[in-house]
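**Q** Below are the sequence and a predicted model for it; my questions follow.
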Amino acid sequence: MIASAHPVARRDARGAFLEILMGDTLDGSAAEGLPVLDSHRTASVRDRAGRVRSIAVAGEAVIALLELTPAEDAAPIVRRIAVGTVSGVSIGYRVAGWTEKSTPNARVKSPTGWRITEVTLTSNPADPTARLRQKENDMPDTIENPSAEEAEAQRRSDIRTLVRSAGLRPDVADQHIDSEADVTAAKAAVWDAVQSRTRSAPVIRTHTPANDDPAVVRQRREDALHVRMAGGEPAPEVRQYMGKSLLDMARDSLARAGVSTRGLTADEVFTRAGGHTTSDFPRWSRKQCASPPLPATAPPKAP
């Protein structure tokens, strides 16, 4: 099983939301031949561990038949799958559009249409119910319904996986199993428990200087200039200024102050940047900009 309707936490421009992939909106017309990758890597042909033979939808689950490569460099992956140390699977996909609804706990978004672009083997799948199962025979054209015993075993396994992935106690899974809750009801209960735990957890606030504070920006620019002249390793927050010239910094400084640099010469940009008392332009550079320019040649001596 490579995907299910298990809610996965995501973020967009509006903040956090729950993503639910529904099998009935999946476009599986171009599934055959899709790559099976190692941990979403595509830098080398060795990262391709196999290919997708076929994809089918069974209820809320998306099931794929995968064919692993017999290449020697993939043998360690195949062995890990055989012994069960690698069982997680994830997918890459493209979304045609979204439908969104609000619940008391979170926003929920589902694709109105989506198609899979890759299947990847991973040790940390976003959907904890997505995992590999070894099969010796090809996937049948018609997926048979499991027996009552198999369905019950699967229900128990899925609920325990959900509870474990949420970091809840094992007895929570026992309660849902004993109450004969189905996987959908268990998902909702697990989500409510996680949200309740999050709301009751203490909020730790740390102070970080704002990125738009002129004093902070100025200090980072000065540090970048110092590293470029003296050498050394810049701090992470300084790296974004390492590739900027002094003229770039002056223009940025004026733009932050609301001054347009359109049509200004380089000398005018430096002069105006150095003249702002609240500027984020480096202070030592401001002194240089305020100093009168040296003459190109020395004046002739008086006779």
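**A** Great, that's in hand.

**Q** Which residues does stretch 230-239 contact?
**A** R220, D223, A224, V227, M242 (CB atoms under 8 Å, 6 or more residues apart in numbering). From N, CA and C alone the C-beta is placed, and that goes for glycine too.

**Q** Looking at those, which are in helices?
**A** R220, D223, A224, V227 (DSSP state H).

**Q** circling back: which one of the contacts of stretch 230-239 sits closest to A82?
**A** Set against A82, the nearest of those by CB to CB is M242 (47.9 Å).

**Q** ok, for that closest one, nearest residue in space, not its chain neighbours?
**A** Excluding the flanking residues, the one nearest M242 by CB to CB, 6 or more residues apart in numbering is A224, at 5.2 Å.

**Q** how about TSV for the ones in helices among the contacts of stretch 230-239, with distance to D192 and neighbour count added?
**A** Shown next, in TSV, are those (distance: CB to CB, whole Å; neighbours: other CB atoms under 10 Å):
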residue	distance to D192	neighbour count
R220	44	21
D223	47	18
A224	48	22
V227	50	17
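
**Q** The residue nearest to M242 reaches Y241, doesn't it?
**A** Yes - counting by CB atoms under 8 Å, A224 does reach Y241; the two are 3.8 Å apart.

**Q** burial count for F17?
**A** 19 (other CB atoms under 10 Å).

**Q** May I have the beta-bridge partners of it?
**A** R10 (DSSP bridges).

**Q** Spit out the contact partners of R94.
**A** With CB under 8 Å, 6+ apart, R94 has these contacts: W114, R115, T117.

**Q** nearest to A181, of the residues you listed?
**A** Nearest to A181 among the contacts of R94, with distances taken as CB to CB, is W114, at 28.3 Å.

**Q** residues near the closest one, how many?
**A** 20.

**Q** Give me the nearest residue to R11, chain neighbours excluded.
**A** Take R11 and drop its neighbours on the chain: the residue closest to it by CB to CB, 6+ apart is F17, 7.2 Å away.

**Q** Test my guess that that neighbour contacts T103.
**A** No - applying CB under 8 Å as the test, F17 and T103 come out as separate, 10.2 Å apart.

**Q** Give me the helices and strands touching the helix or strand where R51 lies, please.
**A** Element membership of R51 [criterion: DSSP states H and E] is strand 48-58. Packed against strand 48-58 by the contact rule (3 or more CB pairs under 8 Å, 6 or more residues apart in numbering; DSSP states H and E) you find strand 35-38, strand 61-68, strand 107-121.

**Q** Tabulate those strands in JSON lines, adding columns for distance to A188 and mean pLDDT.
**A** Shown next, in JSON lines, are the helices and strands packed on strand 48-58 (distance: least, CB to CB, whole Å; pLDDT from 0 to 100):
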{"stretch": "strand 35-38", "distance to A188": "32", "mean pLDDT": "88"}
{"stretch": "strand 61-68", "distance to A188": "18", "mean pLDDT": "90"}
{"stretch": "strand 107-121", "distance to A188": "11", "mean pLDDT": "90"}
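
**Q** So which of those strands is nearest R46?
**A** Comparing these by CB to CB, strand 35-38 comes nearest, at 8.0 Å.

**Q** Give the pairing partners of that closest one; include direction for each.
**A** Strand 35-38 has these strand partners (DSSP bridges): strand 48-58 (antiparallel), strand 107-121 (parallel).

**Q** if we can go back for a sec, take the contacts of stretch 230-239 and write them to a markdown table, including distance to G50 and pLDDT.
**A** As requested, the contacts of stretch 230-239 are exported to a markdown table (distance: CB to CB, whole Å; pLDDT from 0 to 100):
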| residue | distance to G50 | pLDDT |
| --- | --- | --- |
| R220 | 47 | 84 |
| D223 | 48 | 84 |
| A224 | 46 | 83 |
| V227 | 46 | 80 |
| M242 | 42 | 83 |
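
**Q** Going by distance to L26, which of those residues wins?
**A** M242 (44.9 Å).

**Q** mind checking the backbone torsions on that closest one?
**A** phi -70, psi -30 (degrees, to the nearest 10).

**Q** Now for it: which residues touch it?
**A** Contacts for M242 (CB under 8 Å, 6+ apart) come out as A224, V227, R228, P234.

**Q** remind me which residues of the protein are low pLDDT?
**A** Low-confidence segments of the chain (pLDDT under 70): 134-147, 195, 197-213, 274-303.
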